[in-house]
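1. predicted model and sequence below, questions to follow.
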Amino acid sequence: MNSFERRSVFSLAGIYGLRMLGLFMILPVFSLYAEGLHGVTPMLVGLALGIYGLTMALFQIPFGMLSDRFGRKPIITVGLLLFAIGSIIAAMSDSIWGVILGRAIQGSGAIAAAMMALMADLTREEERTKSMAIMGVSIGMSFTLALMIGPLLNAGIGVAGIFWMTAILASVGIAMLYLFVPDPEHLNFHREVETVPAQLKHILFDRQLFRLDIGILIQHAIMMAMFTVLPFVLRDKLGLPTDEHAWFYLPVLMISVLGMAPLVMFAEKKQKMKQVFLGCITLMAVSELLLGTDQRSLFAIGIGLLLFFVAFNVLEACLPSLISRMAPVESKGTAMGVYSTSQFLGAFVGGAGGGWLSGAFGIQAVFYACAITALVWVLIALGMHVPAYLSSFMAQVQVANENDAEQLAEQMLQLDGVHEAKVILEDGVAYLKVDKKQFDQKQLKALLTV
């Protein structure tokens, strides 16, 4: 990465990590806290935890499309403000319904799509997977840190205090967005673009994008279903006290990050993305079989969980990268919105499905169902087309009107190695996706001279 990309990627990863840290910190302590709220029932406790994912899924597509229309930063700011407002409402509530309302408002600030689209805007094609991997690592580190400090903060300031801290973290994220994250200079978000329904229809009916959307839904459904029962395996079958679970997860997550890096690099450098992609889905199925088969050995559970997180982390990095490569330049936000909606729907389906399976058929049934679902994903992914390994290229152009801009873009598409061309009249810029092995800048220069 160049210095511009490093600044962009680490700033955005920091913002998203702070937001997710605020979300994850309540997970290990909320159920106990909820016992003291007015009107609480077990079902409402589950609703308070899950309503965030539901509203997040509902608002991802609108936020992604709005970011295509009005710019990434304004929409991300609105999302972080909503997240802070929801946190404050939850912190001040003494009833379960107040917390549910606050959590729903937290989720309505659905910025994941706009964040990933901005990441794609600020990085070159060849650095995209690495950028998404850094984002994924920040989320994983937030999750690990939250498991460690959530109970400690609960002892000091309580869950209400954690909600207040979450609001503060959202405010810090807004400051970081404007102080450290560059603006995507080559994009003009106030231009007239394709109508929203047409954009959405195009994204939804793209078979390759649809495969990836189904993939992220399955992946997060498997993860949520697994974690509905894994804590019970650790506590009840392996005798690991609840307050020691975090120390079990910590080394597994750290080692999995080290295992992820070489696979991502191999997929990119050797252009073996599809092979690594399919291999990791298969590895996920194997890990679920291991977790379901041997639940009396801490070592076996550790190995199964390690294999799962290696596969999960690689797929978590590759999926958004593939989405950003396949989506049209002017509709990345919409594509990321559909993708993120699928992700959060997967979490909702996995949590509900895992709970039902566990109650009806036992803990092992959950792991086996996850393994079967992963194998179904392998079959779906077999038809995936890996996009060409392209690079971003920009050129200054002079065009008088929109018709000239469209004509120039069509002429650029005829040049060797040019796979996508978009001429932005207002900025006098041509934005190209090119294959470096075939692209000849002399041809482009000759065309622009004419």
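-> Good, I have the coordinates. All figures in this text were calculated on a predicted structure; none of them were measured in a lab.

2. what pLDDT, on average, does stretch 409-421 get?
-> Per-residue pLDDT values across stretch 409-421 average out to 85.

3. pull the residues that contact that stretch.
-> 328-329, 388, 390, 422-423, 430-440, 443-444, 447 (C-beta atoms under 8 Å, 6 or more residues apart in numbering). Any C-beta I mention is one placed from the backbone N, CA and C, and that applies to glycine too.

4. how long is it end to end?
-> Counting by C-alpha to C-alpha, to the nearest Å, you get 5 Å between the two ends of stretch 409-421.

5. buried residues in that stretch?
-> A409, Q411, M412, L415, G417, V418, A421 (16 or more other C-beta atoms under 10 Å).

6. again, but for stretch 59-71
-> For stretch 59-71, by 16+ other C-beta under 10 Å, it's F59, Q60, I61, P62, F63, G64, M65, L66, S67, D68, R69, G71.

7. which of the helices or strands spans the second one?
-> Think Q60. helix 42-70 (DSSP states H and E).

8. now do that helix: which elements does it pack against?
-> Contact here means 3 or more C-beta pairs under 8 Å, 6 or more residues apart in numbering; DSSP states H and E; on that basis helix 42-70 packs against helix 30-34, helix 72-92, helix 96-108, helix 112-121, helix 196-204, helix 332-361.

9. of all those helices, which one is nearest E288?
-> helix 332-361 (11.8 Å; C-beta to C-beta).

10. which strands and helices sit next to the following helix or strand past the closest one?
-> Where DSSP H and E defines the elements, the next helix or strand beyond helix 332-361 is helix 363-381. Here helix 363-381 touches helix 207-227, helix 273-293, helix 332-361, going by 3+ C-beta pairs under 8 Å, 6+ apart.

11. next, the buried residues of helix 363-381.
-> Residues of helix 363-381 classed as buried: 363-371, 373-375, 377, 381 (neighbour count, 16+ other C-beta under 10 Å).

12. tell me how far the helix holding Q60 lies from the chain's centre.
-> With C-alpha atoms, centre = their mean, to the nearest Å as the basis, helix 42-70 stands 13 Å off its chain's centre.

13. again with stretch 151-167
-> 25 Å.

14. okay, that stretch in CSV with CA atoms only?
-> Extracted as CSV, the C-alpha positions of stretch 151-167 are listed here (Å, rounded to 0.1, in the frame of the first residue of the first chain):
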residue,chain,number,x,y,z
PRO,A,151,-17.0,-8.1,32.6
LEU,A,152,-14.3,-5.8,34.1
LEU,A,153,-16.2,-2.6,33.0
ASN,A,154,-19.4,-4.1,34.2
ALA,A,155,-17.9,-4.5,37.7
GLY,A,156,-16.8,-0.9,37.6
ILE,A,157,-19.4,1.2,35.8
GLY,A,158,-22.2,-1.3,35.1
VAL,A,159,-23.9,-2.1,31.8
ALA,A,160,-25.5,1.4,31.7
GLY,A,161,-22.0,2.8,31.9
ILE,A,162,-20.9,0.6,29.0
PHE,A,163,-23.8,2.0,26.9
TRP,A,164,-22.6,5.6,27.8
MET,A,165,-19.1,4.6,26.8
THR,A,166,-20.5,3.2,23.5
ALA,A,167,-22.0,6.6,22.8
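
15. which residues does that stretch contact?
-> Against stretch 151-167 from outside (C-beta under 8 Å, 6+ apart): 22-23, 25-26, 28-30, 33, 83-85, 87-88, 90-92, 102, 150, 243, 246.

16. biggest helix in the protein, by residue count?
-> helix 128-179 (DSSP state H).

17. quick check: angle from that helix to helix 96-108?
-> 110 degrees (axes from the mean of the first three to the mean of the last three C-alpha atoms, to 10 degrees).

18. the chain should start at 13 in everything you say after this.
-> Sure thing, new numbering starts at 13, so read that last one as helix 140-191.

19. ok, now which ones touch the spatially closest residue to A122 that is not a sequence neighbour?
-> Distances taken as C-beta to C-beta, 6 or more residues apart in numbering place F71 nearest to A122, at 3.8 Å, with adjacent residues excluded. When contacts are counted by C-beta under 8 Å, 6+ apart, F71 touches G119, S120, G121, A122.

20. check contacts around the second one.
-> S120 makes contact with T67, M68, L70, F71, L94, G98 under the criterion C-beta under 8 Å, 6+ apart.

21. show the model's pLDDT score for the closest residue in space to the fifth one that isn't next to it in sequence.
-> Spatial nearest neighbour of L94, chain neighbours left out: G121 (3.3 Å); criterion: C-beta to C-beta, 6+ apart. What the model reports as pLDDT for G121 is 87.

22. touching, F356 and G62? I think so.
-> No: the criterion here is C-beta atoms under 8 Å, and F356 misses it with G62 at 10.2 Å.

23. the two: who's more crowded?
-> Neighbours per residue, other C-beta atoms under 10 Å: of F356 and G62, the larger number sits with F356, 24 against 18.

24. what residues are up against the closest residue to the more buried one other than its chain neighbours?
-> In space, F356 comes closest to A69 once its chain neighbours are excluded; the distance is 3.7 Å by C-beta to C-beta, 6+ apart. By C-beta under 8 Å, 6+ apart, A69 lies in contact with A122, S352, T353, Q355, F356, L357, F360.

25. I figured the second one hits G119, correct?
-> Right, S352. No: using C-beta under 8 Å, S352 is not in contact with G119; the gap is 11.6 Å.

26. so how far is F373 from the residue nearest to A122?
-> The gap separating F71 from F373 is 34 Å, by C-beta to C-beta, to the nearest Å.

27. what's the first helix or strand after the helix or strand D416 falls within?
-> Applying DSSP H and E as the criterion places D416 in helix 414-425. Helices and strands here follow DSSP H and E; after helix 414-425, the next one along the chain is strand 430-436.

28. average pLDDT for the helix or strand where F311 lies?
-> Per DSSP H and E: F311 is located in helix 310-338. Per-residue pLDDT over helix 310-338 has a mean of 85.

29. what comes up buried for it?
-> Neighbour counts over helix 310-338 (16+ other C-beta under 10 Å) mark 313, 315-338 as buried.

30. can you check stretch 274-290 too?
-> Result for stretch 274-290 [16+ other C-beta under 10 Å]: buried residues L275, V276, A279, E280, M285, K286, V288, F289.

31. which residues touch the last one?
-> The reference is to F289. By C-beta under 8 Å, 6+ apart, the contact set of F289 is A279, L327, C330, A393, M396.

32. related to what we said a few turns ago, farthest-apart pair in the contacts of S120, please.
-> Taking C-beta to C-beta as the measure, those span a maximum distance of 14.2 Å, between L70 and G98.

33. more crowded one of those two?
-> G98 (26 against 16).

34. these two touch, right, the more buried one and G121?
-> Yes: counting by C-beta under 8 Å, G121 is a contact partner of G98 at 7.1 Å.
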